[in-house]
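Trainee: Just to be clear, the model below is a prediction. Sequence and coordinates:
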Number of protein chains: 2
Amino acid sequence: MEKLLVKTLNGESVERPPVWLMRQAGRILPQYRALRASLSGFKELVETPDLAAEVTLQPVDELDVDAAIIFSDILVIPEAMGLPYEMIKGKGPHFPRVIESAADIEALNSSEEHTLEELKYVFEALKKTRAQLAPEKTLIGFSGAPWTLLAYMLEGGGSKTFSKARKFLVQEPKLAHELLEKLSQSIIHYMRAQEAAGAEVLQLFDSWAGLLSPKLYQEFAMPYVKRILDALSVPTIFFAKGAFFMLPEFDSLSANAIGLDWNIRPSFARTQLSKGRVVQGNLDPAVLYGRADNIAEETHQMIRAFGGSHVVNLGHGVYPDTPLEGVKAFVNAVKSYQY
Amino acid sequence: MEKLLVKTLNGESVERPPVWLMRQAGRILPQYRALRASLSGFKELVETPDLAAEVTLQPVDELDVDAAIIFSDILVIPEAMGLPYEMIKGKGPHFPRVIESAADIEALNSSEEHTLEELKYVFEALKKTRAQLAPEKTLIGFSGAPWTLLAYMLEGGGSKTFSKARKFLVQEPKLAHELLEKLSQSIIHYMRAQEAAGAEVLQLFDSWAGLLSPKLYQEFAMPYVKRILDALSVPTIFFAKGAFFMLPEFDSLSANAIGLDWNIRPSFARTQLSKGRVVQGNLDPAVLYGRADNIAEETHQMIRAFGGSHVVNLGHGVYPDTPLEGVKAFVNAVKSYQY
C-alpha cells in the first residue's frame, strides 16, 4: 500500500506525481447531479454523513484520482460559531446575519467542545469515507482560512472587491484581530478533530487572499495561517489564491505543500520558493474545456515545468460545466506520466 | 504651463509625481451624486456631452488632481459595434444579447466611419472638457482592451470566473481571434479619434487580464494590445489588472507607463521592468478608508519605494463609498511630496 499523495507531501521520491482536483466531488459527475436532484439542498448533502461520504467517494470511483476530499464547505466554521449560512441556487453563499459590532464577535463561540459538537457531522462523514476508501487513496480534510471566513462574515456573501471586509480591517483593526483570533481557535479545533476522524492530509484554503495588499495580508492573515498550520500533525497544503506576492513568506510556513493558482508560471514559483519545496497545482481550469490531446499535452508540459515535488491539481476548483471527458483526460495524462 | 502627467510619461524629470485616481469622476463626489440623482440613468450621463464634461471636471475642481479622465465606460465599444449594454443599479453591466455564433461576430460593425459616428458623444465630451480644463491639467481618454471587452460580450455581464468567455477562447480560438480582431479595429479608430478630440493621454484598461493564464494571455491578449498601443500618437498607459505574470512582456510594449494593481510590491515591479520604466499605481484602495495621517504615510512610503518614474494612482478604481476626506488626504500627500 503506497499513498502517493502522502509520500509526495513528505518529500519522498515517487514515480509519478499524485493527482486530485479541487471540487472534484460535485457537478462535474453525473452521479452527483443525480443524487443532488433528489435532495432539498446543498446543506442537506453537507450535513448528512452518509450522503457526504457517498459524494466524497464518487470521484475516486469515477476518475480514479489519488485522493478524496471530504464533501463540505468552508462556511461550516462561521455557522458552527453562531453565524449560519445559506447556499442560494445560482448565487452562492449568503449570511442572513453579518458581523456588525464588537458584541457580534463576542457572541461567537469558538470553544473546542462547542466546535466539535456543532461539526460532528463532518467527523462522521470522514470516518464513513475512510472506512470505504481504498487503502492507497488519501483522505483530505480542509478548512477555510481566517481572512477568507472573516470576509464572508462581514460581507454576507460573495463580492467583487470585498471592500466592506477590507474596510473593516482598515477601520477596526482591533476588532478584526479579535475575530481572526476566534476563527483561528475554531479552525484549529476543527482541523485537529478532522485528523482524529481519519483525515490524512489537511488543506487550508485562503480563497480571497488575492484581495489583500501585501501589507494587509502580512498583518491580518499570515500570523493566523502560521499558527493553524503549526498546530496540525498530518501533512498540510496551504492554498492562498491570488497571493503570488506572498510566496517568499509562504516558503517559511510549516505547510508540506504550497498551492498555486493558474496565474503563476512554474518557473516563477520555483524562483520564489526554496529548492525541493512541494507545490500543488496549477493547470488553468479552462484548459479542461478543450480537446483531450491538448489537455494531455498541457498537463505534461506543466509536470515537466515543475520538475518534481509536485501534487498535480488545477489552479482552482474545477468548473461545474467542465465536460467529464476533459477531467478524465487530465487525470489520465498524470497517471500515464513517468518521472 | 507644465503638464506634470505628460512630462512624467515622457520620462522628463519632475519635482513630484503626478496624481489622479481611476474612477475619480463618480460617487465619491457629492457633486456627482447630486447630478446623478436628477438623471434617468448612468448612460444618460455618459451619452450627454455637456453632462459628461461636467462630471469629468468635478474631481479637478474638488481635489485638484493633475488630470481629468473622460467620464465614460469601457462598454461603449461593444455597443458601438452593435451589442448594446445596460447598467443595472446595484448589479453592474448587462448585455441583453451576447455573442453566441460566428454570425453574431460577422454582424458587428468595426468600420472607422461607423465607430466615429456611434461614439461622437465621447469626442464632443472630450472637446467640451478640454475647453474648460486648466492648461496645466491633462485630459485622459481611454478604452477597454480587446480581451476584457470580449469577456463581457460573451458572458453578458460580470462574473466571478468569466468561465464562459474563457471556454470560448479554448473551444473556439478562430472565432475568438476574429472577434478580437474586430474589437482591435474599433478600439484603434476610437482612440485615434479621442486624440483628435483633445485627449492628451490614453489609457487602455485590461480589467480582466488576471483571469487568464500566461499562455492564454500571450495568445489572445498581447498581440492586440501591442497593435493598439503602436497605433497611438499621444502618451499611453496600459493597465492590465491582475497580470503580474506578464510584467516582463509588458516591458516591451510601446506604452509610456505600465499600470500596477495593489497586489504588486514596488520592489517586485522594479525587478520585472527595465530601469526607468514609468509605472502607474498602486495604493490599495482600501487604505483610503483609514485615517488621514496613515493615508499620507502609506502614500509617501509607496512614492519612495517606486523611487521616481511614477504616476501616483490607486491600484484599482476608487471605491464608491470612500470618504472624500480620505481621497483628499491621498491627493494632498502626493502634492506635498518632493523628490
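Mentor: Ah, there it is.

Trainee: quick one, what contacts residue A:158?
Mentor: The contact partners of residue A:158, taken as CB atoms under 8 Å, 6 or more residues apart in numbering or on different chains, are A:91-93, A:152, B:160. Just so you know, the C-beta spots here come from the backbone N, C-alpha and C atoms, and that holds for glycine as well.

Trainee: Look up how far residue A:207 lies from it.
Mentor: Counting by CB to CB, to the nearest Å, the gap from residue A:158 to residue A:207 is 10 Å.

Trainee: Likewise for residue A:81?
Mentor: Taking CB to CB, one finds residue A:81 at 18 Å from residue A:207.

Trainee: So those two - more neighbours on which side?
Mentor: More neighbours surround residue A:81 than the other of residue A:81 and residue A:207, with 24 against 20 (other CB atoms under 10 Å in any protein chain shown).

Trainee: so what's the closest residue to that one other than its chain neighbours up against?
Mentor: Ranked by CB to CB, 6 or more residues apart in numbering or on different chains and with sequence neighbours excluded, the top spatial neighbour of residue A:81 is residue A:108, at 4.2 Å. Each residue near residue A:108 by CB under 8 Å, 6+ apart is listed here: A:81-83, A:179, A:182.

Trainee: Name the nearest of these relative to chain B.
Mentor: Using CB to the nearest CB, residue A:179 comes nearest to chain B of these, at 16.7 Å.

Trainee: hang on, that closest one packs against residue A:153?
Mentor: Yes. Assessed by CB atoms under 8 Å, residue A:179 is found in contact with residue A:153 at 7.3 Å.

Trainee: which ones are touching the residue most central in space within chain A?
Mentor: The centroid of chain A falls nearest to residue A:205 when counting by CA atoms, centre = their mean (4.3 Å). Residues in contact with residue A:205 (CB under 8 Å, 6+ apart) are A:74, A:142-145, A:148, A:239, A:241.

Trainee: that older thread, any chance of a markdown table for the contacts of residue A:158, columns neighbour count and distance to residue A:17?
Mentor: Output for the contacts of residue A:158, formatted as a markdown table (neighbours: other CB atoms under 10 Å in any protein chain shown; distance: CB to CB, whole Å):
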| residue | neighbour count | distance to residue A:17 |
| --- | --- | --- |
| A:91 | 10 | 36 |
| A:92 | 13 | 31 |
| A:93 | 18 | 32 |
| A:152 | 28 | 32 |
| B:160 | 10 | 28 |
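
Trainee: follow-up on the earlier one: give me the buried subset of the contacts of residue A:108.
Mentor: A:81, A:83, A:179, A:182 (16 or more other CB atoms under 10 Å in any protein chain shown).

Trainee: The helix or strand hosting the residue nearest to the centre of chain A pairs with which strands, and in what direction?
Mentor: Per DSSP states H and E: residue A:205 is located in strand A:201-206. Sheet pairing for strand A:201-206, assigned by DSSP bridges, gives strand A:138-144 (parallel), strand A:236-240 (parallel).

Trainee: chain center to that strand: distance?
Mentor: 5 Å (CA atoms, centre = their mean, to the nearest Å).

Trainee: And it, what's buried?
Mentor: A:201-206.

Trainee: From residue A:211, how far out is residue A:92?
Mentor: Look at residue A:92 and residue A:211: by CB to CB, they are 16 Å apart.

Trainee: I meant residue A:303, not that one.
Mentor: In this view, residue A:303 and residue A:211 are 30 Å apart by CB to CB.

Trainee: okay, the two: which has more neighbours?
Mentor: residue A:211 (25 against 21).

Trainee: what about the more buried one, distance to chain B?
Mentor: Counting by CB to the nearest CB, to the nearest Å, the gap from residue A:211 to chain B is 9 Å.

Trainee: and the nearest residue to that residue once chain neighbours are set aside, what does it touch?
Mentor: Nearest non-adjacent residue to residue A:211, counting by CB to CB, 6+ apart: residue A:162, 5.1 Å away. Residue A:162 is in contact with A:151, A:154-155, A:208, A:211, counting by CB under 8 Å, 6+ apart.

Trainee: quick check, nearest of these to residue A:132?
Mentor: residue A:208 (33.5 Å; CB to CB).

Trainee: Name the spans of chain A whose pLDDT lies under the cut-off.
Mentor: A:1 (pLDDT under 70).

Trainee: got the residues of it near chain B?
Mentor: A:158, A:160-161, A:163, A:166-167, A:169-171, A:210, A:212-216, A:242-245, A:262-265, A:268, A:284-287, A:289-290, A:298, A:315-316, A:319, A:321 (CB under 8 Å from any CB of the partner chain).

Trainee: can you do 6 Å?
Mentor: A:163, A:166-167, A:170-171, A:213-214, A:245, A:262-263, A:265, A:284, A:286, A:289-290, A:319 (CB under 6 Å from any CB of the partner chain).

Trainee: Write the ChimeraX selection for whichever of these are buried.
Mentor: Buried subset of the residues of chain A next to chain B, written as a ChimeraX selection, criterion 16+ other CB under 10 Å:
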select /A:163,166,167,170,213,214,245,262,263,265,284,286,289,290,319
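
Trainee: Find the pair from the residues of chain A next to chain B with maximum spatial separation.
Mentor: Top of the distance list for these (CB to CB): A:171 and A:290, 45.2 Å.

Trainee: rewinding a little: tell me which of the buried residues of strand A:201-206 is nearest to chain B?
Mentor: residue A:206 (13.7 Å).

Trainee: List the residues that contact that closest one.
Mentor: By CB atoms under 6 Å, 6 or more residues apart in numbering or on different chains, residue A:206 lies in contact with A:145, A:148, A:240.

Trainee: Of the contacts of residue A:205, grab the buried ones for ChimeraX.
Mentor: Entered in ChimeraX, the line below selects the buried ones among the contacts of residue A:205, by 16+ other CB under 10 Å:
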select /A:74,142,143,144,145,148,239,241
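
Trainee: all strands for the stretch 151-300 of chain A, in order.
Mentor: A:201-206, A:236-240, A:257-259, A:278-283 (DSSP state E, counting those that start in this stretch).

Trainee: Can you convert the ones you listed into JSON lines and add a column each for distance to residue B:221?
Mentor: Shown next, in JSON lines, are the strands of the stretch 151-300 of chain A (distance: least, CB to CB, whole Å):
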{"stretch": "strand A:201-206", "distance to residue B:221": "27"}
{"stretch": "strand A:236-240", "distance to residue B:221": "25"}
{"stretch": "strand A:257-259", "distance to residue B:221": "25"}
{"stretch": "strand A:278-283", "distance to residue B:221": "19"}
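
Trainee: how long is stretch A:305-321 end to end?
Mentor: By CA to CA, to the nearest Å, the extent of stretch A:305-321 from end to end equals 28 Å.

Trainee: Now do it: distance to the chain's middle.
Mentor: Counting by CA atoms, centre = their mean, stretch A:305-321 comes out at 12 Å from the chain centroid.

Trainee: just checking, what's the longest helix in chain A?
Mentor: Using DSSP state H to define each element, chain A has its longest helix at helix A:173-196.

Trainee: which parts of that helix are buried?
Mentor: A:175-177, A:179-180, A:182-195.

Trainee: same deal with stretch A:11-30?
Mentor: A:14, A:16-26, A:28-29.

Trainee: do the same with stretch A:239-255
Mentor: Buried, per 16+ other CB under 10 Å, within stretch A:239-255: A:239-247, A:249-250, A:253, A:255.

Trainee: give the contact list for the spatially closest residue to residue A:194 that is not a sequence neighbour.
Mentor: Distances taken as CB to CB, 6+ apart place residue A:141 nearest to residue A:194, at 3.6 Å, with adjacent residues excluded. Residue A:141 is in contact with A:70, A:194, A:199, A:202, counting by CB under 6 Å, 6+ apart.

Trainee: picking up where we left off before, now the contacts of residue A:158 as a markdown table including distance to residue A:55?
Mentor: Compiled in a markdown table, those are given as follows (distance: CB to CB, whole Å):
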| residue | distance to residue A:55 |
| --- | --- |
| A:91 | 21 |
| A:92 | 19 |
| A:93 | 18 |
| A:152 | 23 |
| B:160 | 23 |
